[in-house]
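Novice: Generate coordinates for the sequence data below:
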Amino acid sequence: MPFGAKLDGKIIKKSQPMLMALSNHGESYMPVYGILVFMLWIILLIVIAGCVFLPSLWVNHIINKFKQPADRYRQQGSGGELARHLLDRFGLHDVKVEETPDGDHYDPTAKTVRLTPDNYSGYSLTAVTVAAHEVGHALQDSRGESLFLARQKLARAAMVGERIAGIMMFAAPVVFMLTRIPQAGALTILIGVLSMGLSTIVHLVTLPVELDASYGKALPILKEGNYLHDGDLKNAEKILKAAALTYVAGSLASLLNLGRWIAVLRR
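Specialist: Numbering: from 1, shown residues only. Prediction:
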């Protein structure tokens, strides 16, 4: 037998146990690696869920906390009455104040401050503070403040964009089946994602508008007009912060949704 063949045979025989040991060693690490990756994903999902839901929980906690005592401002007036008084004080006699079940907001098209029943007819600290916040938006509108007007234009564009996004997402598989060109389906999805991006931009622009309504308008009005009882101003600040942060959870959810679709496109 050639010398080389014997040597190769010995090398092969000696190396086989070593290869088996390395293989077994690698296999033992695979389940551990998979578990670590899985745990990291779980932690990431918990963090994301916390960022999306915790602001809403905090906002609801603050708003509900200061609804008691329910008659704290009965002698001064309800949230609806304060809103009417403040609008008249600033010369906004054409702006109406109405009760609504659809959430506290200012409607710039109808020129109307709308308050939920608890805040329209209520006498709590929450009621009068939220009313002042919504009047703050009416002041932004009347003064033609650029950021407020930009948000309104973007909001109208976002409504159209959301409809386009829905159509494009539905049409993407149909386009792919008809054309048999993957790029065509991807382009359709891309147009849909860009349309969804308008909604994300609206949320991002909304936050500074809300902060101005709370801290640039409502808080100085309540403080300088002596509308609050002693010791209530600090709590009113908390309510105004909650009113401004109402849209944070929506902003984060919108960003996450947009990021998810971008990740799909990158694949």
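
Novice: quick one, strands of this protein?
Specialist: 96-99, 105-107, 112-115 (DSSP state E).

Novice: Of the ones you listed, flag the one that's most buried.
Specialist: strand 112-115 (a mean of 24; mean count of other CB atoms under 10 Å). Every residue, glycine included, has its C-beta placed from N, CA and C.

Novice: ok, residues contacting that one?
Specialist: 79-80, 83, 87, 95-100, 102-107, 127, 130-131, 134-135, 137-138 (CB atoms under 8 Å, 6 or more residues apart in numbering).

Novice: Quick one: residues contacting H93.
Specialist: Contacts of H93 (CB under 8 Å, 6+ apart): L87.

Novice: and D107, what does it touch?
Specialist: Taking CB under 8 Å, 6+ apart, one finds V113, R114 in contact with D107.

Novice: where's it relative to A70, distance?
Specialist: 27 Å (CB to CB, to the nearest Å).

Novice: now swap in L149 and tell me
Specialist: Taking CB to CB, one finds L149 at 37 Å from A70.

Novice: ditto for L87
Specialist: 24 Å.

Novice: Looking at these two, which is more packed in?
Specialist: L87 (23 against 14; other CB atoms under 10 Å).

Novice: The more buried one touches V97, doesn't it?
Specialist: Yes. Contact criterion CB atoms under 8 Å: L87 and V97 qualify, at 7.0 Å.

Novice: Next, find the distance separating the closest residue to Q140 other than its chain neighbours from G216.
Specialist: Distances taken as CB to CB, 6 or more residues apart in numbering place F148 nearest to Q140, at 4.0 Å, with adjacent residues excluded. Using CB to CB, F148 is found at 11 Å from G216.

Novice: which residues do the two both contact?
Specialist: Counting by CB under 8 Å, 6+ apart, nothing touches both F148 and G216.

Novice: more neighbours, the two?
Specialist: Between F148 and G216, F148 has the larger neighbour count (other CB under 10 Å), namely 23 against 16.

Novice: List the contacts of the more buried one.
Specialist: P108, H137, Q140, D141, V209.

Novice: Check what pLDDT the nearest residue in space to P117 that is not next to it in sequence gets.
Specialist: Spatially, and ignoring its direct neighbours in sequence, P117 is nearest to E99 (5.8 Å; CB to CB, 6+ apart). Note on E99: pLDDT of 97.

Novice: was I right about E99 contacting S78?
Specialist: No. Using CB under 8 Å, E99 is not in contact with S78; the gap is 10.4 Å.

Novice: Give the residues shared as contacts by these two.
Specialist: Taking CB under 8 Å, 6+ apart as the criterion, E99 and S78 both touch Y120, S121.

Novice: Counting neighbours, what do you get for H85?
Specialist: 17.

Novice: Could you find the lowest-pLDDT member of the contacts of F148?
Specialist: Within the contacts of F148, pLDDT is lowest for V209, at 91.

Novice: low-scoring pLDDT stretches of the stretch 101-250 of the chain, where are they?
Specialist: Counting by pLDDT under 70, the stretch 101-250 of the chain shows low-confidence ranges at 157-176, 178-200, 248-250.
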